[in-house]
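Engineer: Provided below are the primary sequence and the corresponding predicted coordinates.
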Amino acid sequence: MIRSRPLSIMTVCILSALMIVPIVDVYGHGLGLDAIKSVDVNGKKITITTEIIPMDFTENKEKKIIIRSIDSQTNQNTNNTTFLIGLYHEGKMIFRNYFFAANGIINIKVNPTISNNTTITGEKDNLLGAWYETDSKPIELAGPVFSSGGLYHFEIEIRTIDKPTNIVENLETHVTDITIPTVQKFDKKDKNGSVVTFGVKSYYDKISNFDYDSNANIVSFEMPFDWSEQNILHVPVVHEEVHFPKKFGDFFVPSYTGKVNGIDLFKSSITIDDYSDENERIIHFILSQDNLKFLKQAQQKIGVDKSENMKFTLEAGYNIVFPMVAMTKNEEIQVDLSWDPTIIEPGKNTKFIFTFRNAKTGETIRNTSYDFIIVQNEKQIYKKSGNAQVGGDYADYKFSEEQSGHTKIRFEKLRGTDMSTEFGLMVVPEFGSIVFVTFTVAMSSILIIRRNSTIFRI
């Protein structure tokens, strides 16, 4: 008889709440675009947006900074607007200059160079010496700009509006932040002395002090962060990814616990992704604005209220979380999947239990038609077509001793459309069954099993 370690089961309602916002929509704060709404300028309500094109500066495309000023009441660009714009990166000023836009839009072409000097070219007006573009002469910024990723900090003041000579009184500085994702690699040794390459992709700022403690099985790293209330109110989400090879068995475990500055994170803040990369597991840290507020309060309670960074820790765990969750690629339908018994054994019936949900709200979707398909070696070994009238249904299947290896659980033709998603598990009859779940968007788990007093883990 095969037994597992005790399982930790997360209720459906909690998982539904977690999945209301899928990972693909919460990459990071100011990723490519940031905006400030309802700015009061001479009695007008103005929205200021900053944008970097392209979002990933490793692409071989023309690079631009675009600043817009929009009248919130008319939804039209403001006229004859002069901006004072300061751009900062890693605590250093890249430039701080005046820019004029007759149509409320500043376009700055960026030419990254190896020179340490930053230069701006274009036309200048006579009032404030503001740069402006003409049909024949654009505004161009050259220098060591966007040569590395991380957080780019804009400080913006509006100095004129409506007329070129209409000077704005009572100046306020408005802040936007744009992130260019960074990918950093780190070679660390496991407990046997072998080198393992970890990666961290940050959608906020560059990370430092990466470490892997092979004895405790903990990954840690740090990232600059301003814990002021003003900044937290400006940050919708902080998103960090930890990558490592799937073949690294020591850290390839069913679950993880995470901390920031010693404070335990909610389970919903840590998700596992085995679908996005064939060779790597990705662990996502997703910290919403509410999470950040909670962390700030928790730090204040323990007397740590002046931290200028985030120290992330990720510790290996062995709890299994049901249900498993996957989404269709258009993020319209979420599928929750569990099975009973939790240990899939050849020759014994397994009941697969599934629920269809609205991926945005987490509510069950009634009258959902579907095809439930089990695939091995790219061949269909079982199919059930049905209609989940109350939003959930089940399918029974008994694996034979010969049916081993990577197995996919597919859901196709959802609600009579081409929407589909899938889960994966590994059936290894000679060891019982090792369950290895992968899926489209967010989570996965592995089942640790025991047979003849031997623990097996993948």
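Structural biologist: Looks like it came in fine.
Engineer: quick check: mean pLDDT of stretch 169-184?
Structural biologist: The average pLDDT within stretch 169-184 is 87.
Engineer: and if you look at stretch 128-137?
Structural biologist: 93.
Engineer: residues contacting stretch 174-182, please?
Structural biologist: Applying C-beta atoms under 8 Å, 6 or more residues apart in numbering, the set of residues contacting stretch 174-182 from outside is 27-36, 39, 48-52, 55-57, 146, 148-157, 201-207, 234-235. C-beta here means a position set from N, CA and C on the backbone, and glycine is covered the same way.
Engineer: contact partners for residue 41?
Structural biologist: Residue 41 neighbours (C-beta under 8 Å, 6+ apart): 158, 161, 168.
Engineer: tell me how far the second one lies from residue 123.
Structural biologist: Residue 161 sits 20 Å away from residue 123 when distances are taken as C-beta to C-beta, to the nearest Å.
Engineer: which of these two has more neighbours?
Structural biologist: The residue with more neighbours, out of residue 161 and residue 123, is residue 161; 21 against 14, by other C-beta atoms under 10 Å.
Engineer: check what pLDDT that one gets.
Structural biologist: Reported pLDDT for residue 161: 92.
Engineer: sorry, back to before: mind listing which of the contacts of residue 41 are in strands?
Structural biologist: Counted as lying in strands by DSSP state E, out of the contacts of residue 41, are residue 158.
Engineer: dump the contacts of residue 41 into JSON lines; add distance to residue 179 as well.
Structural biologist: Formatted as JSON lines, the contacts of residue 41 follow (distance: C-beta to C-beta, whole Å):
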{"residue": "158", "distance to residue 179": "24"}
{"residue": "161", "distance to residue 179": "29"}
{"residue": "168", "distance to residue 179": "29"}
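Engineer: from the contacts of residue 41, which is closest to residue 281?
Structural biologist: The closest of those to residue 281 turns out to be residue 158 (C-beta to C-beta; 46.9 Å).
Engineer: and the closest one, what are its bridge partners?
Structural biologist: Counting by DSSP bridges, residue 158 is bridged to residue 83.
Engineer: can you read off the backbone torsions of residue 269?
Structural biologist: phi -80, psi -10 (degrees, to the nearest 10).
Engineer: measure it to residue 295 for me?
Structural biologist: According to C-beta to C-beta, residue 269 and residue 295 sit 10 Å apart.
Engineer: quick check: neighbours shared by these two?
Structural biologist: If you check residue 269 and residue 295 against C-beta under 8 Å, 6+ apart, the residues they both contact are residue 287.
Engineer: neighbour count: the two, which is higher?
Structural biologist: residue 295 (25 against 19).
Engineer: domain boundaries for this structure, per the record?
Structural biologist: 33-179, 181-317, 325-456 (automatic domain parsing).
Engineer: compare those and say which comes out lowest on pLDDT.
Structural biologist: Looking at these, the weakest mean confidence is domain 325-456, a mean of 78.
Engineer: just give me how far it sits from the chain centre.
Structural biologist: In terms of C-alpha atoms, centre = their mean, to the nearest Å, the centre of domain 325-456 is found 25 Å from the chain centre.
Engineer: of the contacts of stretch 174-182, keep whichever come out buried.
Structural biologist: 27-32, 34, 36, 39, 48-52, 57, 146, 149-154, 156-157, 201-207, 234-235 (16 or more other C-beta atoms under 10 Å).
Engineer: from the residues you listed, which land in strands?
Structural biologist: 34, 36, 39, 48-52, 150-154, 156-157, 201-202.
Engineer: what's the helix or strand containing residue 393 in contact with?
Structural biologist: Taking DSSP states H and E as the criterion, residue 393 maps to strand 392-398. Strand 392-398 has contacts (C-beta under 8 Å, 6+ apart) with 347-356, 364, 370, 372, 374, 382, 384, 386-387.
Engineer: mind running it again at 6 Å?
Structural biologist: Defining contact as C-beta atoms under 6 Å, 6 or more residues apart in numbering, one finds that strand 392-398 is touched by 349-353, 355, 372, 382, 384, 386.
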